[in-house]
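[1] Pasting the sequence and the predicted coordinates here, then a few questions.
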Amino acid sequence: MIKIGFVTVSDRASKGEYEDLGGPAMQSWMSHAIKNEWQAIAKVIPDEQQQIESALIELEEQGCCLIVTTGGTGPAPRDVTPEATEAVCQKILDGFGEQMRAVSLKFVPTAILSRQIAGIRNRCLILNLPGKPSAIDDCLNAVFPAIPYCIDLIEGPYIEANEHVVKAFRPKHAKKPTDA
Amino acid sequence: MIKIGFVTVSDRASKGEYEDLGGPAMQSWMSHAIKNEWQAIAKVIPDEQQQIESALIELEEQGCCLIVTTGGTGPAPRDVTPEATEAVCQKILDGFGEQMRAVSLKFVPTAILSRQIAGIRNRCLILNLPGKPSAIDDCLNAVFPAIPYCIDLIEGPYIEANEHVVKAFRPKHAKKPTDA
Amino acid sequence: MIKIGFVTVSDRASKGEYEDLGGPAMQSWMSHAIKNEWQAIAKVIPDEQQQIESALIELEEQGCCLIVTTGGTGPAPRDVTPEATEAVCQKILDGFGEQMRAVSLKFVPTAILSRQIAGIRNRCLILNLPGKPSAIDDCLNAVFPAIPYCIDLIEGPYIEANEHVVKAFRPKHAKKPTDA
């Protein structure tokens, strides 16, 4: 069973002072895009680097092949999601942050303030997304086509996309597990 | 009073062998773009990492909410402005460097040689700009729209732009200090 | 005499289980693009960080002003070419990786998975290229125009390009060695 982790990073949402909109937006996007059966594991935590790191490690150890986060990627002192992500990853994939900022820049000039990154921890891809639901959709529409093949390369499960929502791209030589 | 630091990094300009063109170009751009009253603090120093770090720290301690540098961002051995900037910042905002290079790339293919970065030290945004005055203008035209909101987020003063020169962008939910 | 290093990083190619296509593709591109006489030094090594670092150091010590690598830049555990490159360089030039990904993104959405970087070790520019020959050509067509001037700035030899293949860009104030 494919497992995906959803981490909402927000001081206010974690205290219940604010409704978590980012977490449900990420889950809703995935439920439309992924064709396989999959299971969601969701967490809502405050903007504390240590707690974010623990949440990411725990979700990876529970077998998630993909973890997406929302919130905490700006320049403010409490924004530490990228720091936590970098600390638990073995490799950083700069192309994700570059493309998400390039896409967001078409909508708002403040896109350059986002420090969103993506990286690999063992067999799990961790991806920082913005806090705002519409920006989450813009970013996932842009980068998701590369995610299933990325997960193939780190020996995770074979993810199939709903082609009418988003197309997963794999090079011609890439094999389905049944061909292996 | 809003304070802005201007640091010209150049061995030759600091010895008086060469006229500092970058420093005045940055000040001139800001004087057209910023509507509030503000005070400039300018320094001209050699390409020495330790001296650049000290200058940046001093300007931040004097209350600058924004420091712009010119020079020292290329691949040559004496180019150490980004190294000094990174050493004194708590957070690096990769989007600034990416956008400045993307904009400069429209003019010259050697834009990819620039290692310009931006980062946050306490309540101050530090931004590396190129050495050439026309390239300074191109970069500031591109990234300035995001700067006032960035300074809001790090709890600095509320900067207003002269809209006929450049538009500062703030999300709709952003508050003026009078609304707070 | 201008020396250029070519490093093919591949477990299978280094064992002879697979024909090295990337190395010859890089050499062929350079032989069309560079007008000066130059000498190639080629190596084929496995995806081992220590061996890649040793190969890069050795080629730089042998006097290469440019080293290009092929392979090992993806997200898989055995992909360590960027890690080795970063470890032996004094400066990283983020603009190269950004532009190569931006160009590759026009062809395949999985371009964001590439972690290709470029950096400076002493008087040598080291550049990671993709594994696939057609992608090598796309990347070199995009970034080569900036390479001769980059090598000027690090005090390497004056490289001249065959203008009907690719144009080297130098700012107007840049001097030929004969003008110095």
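    Yep, it's here.
[2] show me where pLDDT drops low in chain A?
    Along chain A, segments meeting pLDDT under 70 span A:175, A:177-180.
[3] residue nearest the centroid of it?
    residue A:68 (2.5 Å; C-alpha atoms, centre = their mean).
[4] where does it fall, helix, sheet strand or coil?
    strand (DSSP: H, G, I helix; E, B strand; the rest coil).
[5] can you tell me how far it sits from residue A:109?
    Distance, residue A:68 to residue A:109, by C-beta to C-beta, to the nearest Å: 25 Å. Where you see a C-beta, it was placed from the backbone N, CA and C, and this is true even at glycine.
[6] Which residues of chain A lie near chain B?
    A:74-77, A:79, A:94, A:97-98, A:101-102, A:105, A:108-115 (C-beta under 8 Å from any C-beta of the partner chain).
[7] Can you say which of those are buried?
    A:74-76, A:79, A:94, A:97-98, A:101-102, A:105, A:108-115 (16 or more other C-beta atoms under 10 Å in any protein chain shown).
[8] Just the ones in helices from these, please.
    Counting by DSSP state H, these place A:94, A:97-98, A:101-102 in helices.
[9] Among the buried ones among the residues of chain A next to chain B, which ones lie close to chain C?
    A:94, A:98, A:102.
[10] one step back: nearest to residue B:125, out of the ones in helices among the buried ones among the residues of chain A next to chain B: which one, please.
    Checking those against residue B:125 with C-beta to C-beta, the nearest one is residue A:101 at 16.8 Å.
[11] Wait, that closest one touches residue A:111, no?
    Yes - using C-beta atoms under 8 Å, residue A:101 is in contact with residue A:111, at 5.1 Å.
[12] how far does stretch A:13-26 stretch from start to finish?
    15 Å (C-alpha to C-alpha, to the nearest Å).
[13] Which residues are in contact with residue A:13?
    By C-beta atoms under 8 Å, 6 or more residues apart in numbering or on different chains, the contact set of residue A:13 is A:19-20, A:44, A:71.
[14] whoops, I mixed them up, residue A:29
    Residue A:29 neighbours (C-beta under 8 Å, 6+ apart): A:136-137, A:140.
[15] would you say residue A:119 is within a strand?
    Yes - under three-state DSSP, residue A:119 sits within a strand.
[16] how much space between it and chain B?
    To chain B, residue A:119 is 14 Å away according to C-beta to the nearest C-beta, to the nearest Å.
[17] do you know how far that residue is from residue A:82?
    Relative to residue A:82, and taking C-beta to C-beta, residue A:119 is found at 9 Å.
[18] What of residue A:111?
    15 Å.
[19] Which parts of chain A are strands?
    A:2-9, A:38-45, A:66-70, A:91-92, A:118-121, A:124-129 (DSSP state E).
[20] May I see these arranged in a markdown table, with distance to chain C as well?
    Output for the strands of chain A, formatted as a markdown table (distance: least, C-beta to the nearest C-beta, whole Å):
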| stretch | distance to chain C |
| --- | --- |
| strand A:2-9 | 17 |
| strand A:38-45 | 20 |
| strand A:66-70 | 13 |
| strand A:91-92 | 6 |
| strand A:118-121 | 5 |
| strand A:124-129 | 8 |
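[21] residues near the residue of chain A at minimum distance from chain C, how many?
    Nearest residue of chain A to chain C (C-beta to the nearest C-beta) works out as residue A:95 at 3.1 Å. Residues near residue A:95, counting by other C-beta atoms under 10 Å in any protein chain shown, number 26.
[22] quick revisit: shared neighbours of residue A:101 and residue A:111, anything?
    residue B:95.
[23] from the ones in helices among the buried ones among the residues of chain A next to chain B, which is closest to chain B?
    residue A:101 (4.8 Å).
[24] List the contacts of the closest one.
    A:111-112, A:114, A:116, B:94-95, B:98-99.
[25] Pick out the most distant pair among these.
    Using C-beta to C-beta, those span at most 14.5 Å, a distance reached by A:116 and B:99.
[26] Name the nearest residue to the residue of chain A found nearest chain B, ignoring sequence neighbours.
    The nearest approach of chain A to chain B comes at residue A:112, 3.1 Å away (C-beta to the nearest C-beta). Nearest non-adjacent residue to residue A:112, counting by C-beta to C-beta, 6 or more residues apart in numbering or on different chains: residue B:95, 3.1 Å away.
[27] next one: residue A:161
    Using C-beta to C-beta, 6+ apart, the closest residue to residue A:161 is residue A:168 (4.1 Å).
[28] wouldn't the one you found be in contact with residue A:148 here?
    Yes - using C-beta under 8 Å, residue A:168 makes contact with residue A:148 at a distance of 4.0 Å.
[29] if you count what's nearby, which of these two comes out ahead?
    More crowded of residue A:168 and residue A:148, by other C-beta under 10 Å: residue A:148, with 27 against 23.
[30] thought that one was touching residue A:162?
    No - at 11.8 Å, residue A:148 and residue A:162 do not qualify as touching, with contact defined as C-beta under 8 Å.
[31] Now for residue A:56, how many residues are close by?
    26.
[32] Just want to check the distance between it and residue A:8.
    From residue A:56 over to residue A:8 (counting by C-beta to C-beta), the distance is 13 Å.
[33] and for those two, which residues touch both?
    Shared contacts of residue A:56 and residue A:8, counting by C-beta under 8 Å, 6+ apart, come down to residue A:69.
[34] circling back: which of the strands of chain A sits closest to residue B:132?
    Nearest of the strands of chain A (C-beta to C-beta): strand A:91-92, 31.5 Å.
[35] Relative to that closest one, what are the paired strands and their orientations?
    strand A:118-121 (antiparallel) (DSSP bridges).
[36] what distance separates the partner strand from the centre of its chain?
    Counting by C-alpha atoms, centre = their mean, to the nearest Å, strand A:118-121 is centred 10 Å from the centre of its parent chain.
[37] Report the backbone C-alpha coordinates of that strand in PDB.
    Extracted C-alpha coordinates of strand A:118-121, given in PDB (Å, rounded to 0.1, in the frame of the first residue of the first chain):
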ATOM      1  CA  ALA A 118      12.700  19.200  -1.900                       C
ATOM      2  CA  GLY A 119      15.000  16.400  -0.900                       C
ATOM      3  CA  ILE A 120      15.400  12.600  -0.500                       C
ATOM      4  CA  ARG A 121      15.500  10.800   2.800                       C
END
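[38] what sits up against that strand?
    Counting by C-beta under 8 Å, 6+ apart, A:56-57, A:60, A:85-86, A:88-93, A:96-97, A:125-128, A:143, A:154, C:75 sit against strand A:118-121.
[39] neighbours around residue A:169, how many?
    17.
[40] hang on, isn't it packed against residue A:143?
    No - using C-beta under 8 Å as the test, residue A:169 is too far from residue A:143 to be in contact (11.2 Å).
[41] Give me the buried positions along stretch A:143-162.
    Here stretch A:143-162 shows A:143-154, A:156-159, A:161 as buried, counting by 16+ other C-beta under 10 Å.
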